[in-house]
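> sequence and predicted structure below; questions after.
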Amino acid sequence: MAASIPLVARRWSADDIPDLTGKTAVVTGANSGLGLRTAEALAAKGAQVLMACRNELKAAAALESVSAAATGPKPEVLPLDLADLTSVRRAADHLDVRGGAIDILVNNAGVMALPGHIRTADGFDAQFGTNHLGHYAFTGLLLPALLRAPSPRVVTVSSVAAWGGVINWPDPNWRVLYIRWLAYSQSKLANLLFSAELDRRARAAGTTLTSVAAHPGLSATNLYDSNGEKGLTATLAALQQRLIVSLAQSDRMGALPQLYAATMPAIPGNAYLGPAFETFGYPRRTLRNPLAYSRLQARALWRLSENLTGIEYPWP
Ligand SMILES: NC(=O)c1ccc[n+]([C@@H]2O[C@H](COP(=O)([O-])OP(=O)(O)OC[C@H]3O[C@@H](n4cnc5c(N)ncnc54)[C@H](OP(=O)(O)O)[C@@H]3O)[C@@H](O)[C@H]2O)c1
């Protein structure tokens, strides 16, 4: 099975995605960057795509381009703010009422290195809350719909930044001292730990759900926006953004690992895909921060996420 993911990257593009007719895919953060490219590519192969987005206006604009790419059912927008558990529950309820199965969930949305210490509606650090806790909660609430699919796949998007991540166990919401890049790296390590633990629990429970992770290397997207910085730091951030975006691969290339992870058959559970040269290139199997292999940390993060969100999966 593992042989289906290349160790040495081959030219693999969105054209190589198999036919997705009859499948339903939910993509978080589908209005911008990698999420938008993912939604377009899935819709182009015939999937019914539900674009889970927090901003109505941005979502409406993105819906046009995903609709233009679609060859199957019309894509739809699903209002979702991962930084607000009430919104997460509302989105999940909406899907429940809508009925049907979810074959593919791409946990893609994210924020990076926010300059001020912003909190979510529930009081969590915005990066931990959005990137990890929001997705932990959303996936858990979508579980009944996922398990209605014959072989559901959950893809969680991490980052090269996860290499520098440690979970700040005494203070995961950075209440004492907020260090924005450490907070980002923590959230991206949490994505990997979550993905691994979800896969283990799904298998132990005898389900057919597969959980895998992917990262996009360095890709030109809105993630590098100045995030509302002011004065000199805003100028420096804009310069840094221009530099990064000029060095980065396109968002279409960056989306390939998550698309491969979401759509190729026989992907082994807990696989991790990224660009061949870590920051750029075609998808292949890739390495992760050794901490991301820790069963102990994954279990502890799961318990912490349960306690903070109040959402429990139906598995021990
Ligand atoms: N670009 C890279 O080089 C890079 C590298 C490593 C990892 N990543 C990861 O790739 C993923 C996608 O990022 P991107 O590069 O495509 O950046 P992006 O263009 O900024 O897209 C991020 C998406 O997440 C959405 N989002 C942010 N907060 C949200 C919330 N509270 N609720 C719902 N949606 C929310 C954004 O919505 P708005 O448009 O409304 O803000 C946007 O649609 C992220 O998880 C990021 O950490 C990216």
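Yes, it's here.
> check whether the helix or strand hosting A68 contacts the ligand.
In this structure, A68 sits in helix 56-69 according to DSSP states H and E. Yes - using Cβ under 6 Å from any ligand atom, helix 56-69 reaches the ligand at K58. Quick note: C-beta positions are derived from backbone N, CA and C, even for glycine.
> stretch 204-216 too?
Yes - against the ligand, stretch 204-216 shows contacts by Cβ under 6 Å from any ligand atom at H215, P216.
> and the strands in the chain?
24-28, 48-53, 76-79, 104-107, 153-157, 210-214, 272-275, 283-285 (DSSP state E).
> as CSV, those strands with mean neighbour count and mean pLDDT would be great.
Rendered in CSV, the data for these read as follows (neighbours: other Cβ atoms under 10 Å; pLDDT from 0 to 100):
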stretch, mean neighbour count, mean pLDDT
strand 24-28, 28, 98
strand 48-53, 28, 98
strand 76-79, 17, 98
strand 104-107, 28, 98
strand 153-157, 28, 98
strand 210-214, 27, 98
strand 272-275, 25, 97
strand 283-285, 21, 95
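> got these as a markdown table, with distance to W174 columns?
Formatted as a markdown table, the strands of the chain follow (distance: least, Cβ to Cβ, whole Å):
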| stretch | distance to W174 |
| --- | --- |
| strand 24-28 | 23 |
| strand 48-53 | 26 |
| strand 76-79 | 28 |
| strand 104-107 | 21 |
| strand 153-157 | 21 |
| strand 210-214 | 23 |
| strand 272-275 | 26 |
| strand 283-285 | 32 |
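> tell me the mean pLDDT over the helix holding A68?
For helix 56-69, mean pLDDT is 98.
> buried sites along it?
K58, A59, A62, L63, S65, V66, A69 (16 or more other Cβ atoms under 10 Å).
> helices or strands up against that helix?
For helix 56-69, the packing partners by 3 or more Cβ pairs under 8 Å, 6 or more residues apart in numbering; DSSP states H and E come out as helix 33-44, strand 48-53, strand 76-79.
> and those as TSV, adding distance to the ligand?
Putting the helices and strands packed on helix 56-69 into TSV (distance: least, Cβ to the nearest ligand atom, whole Å) gives the following:
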stretch	distance to the ligand
helix 33-44	2
strand 48-53	6
strand 76-79	9
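> so how far is the ligand from I118?
10 Å (Cβ to the nearest ligand atom, to the nearest Å).
> now do the contacts for that residue.
Contacts for I118 (Cβ atoms under 8 Å, 6 or more residues apart in numbering) come out as D125, A126.
> quick one: S195 from the ligand, how far?
12 Å.
> surely P257 and A214 touch.
Yes - here P257 lies in contact with A214, judged by Cβ atoms under 8 Å, at a distance of 4.0 Å.
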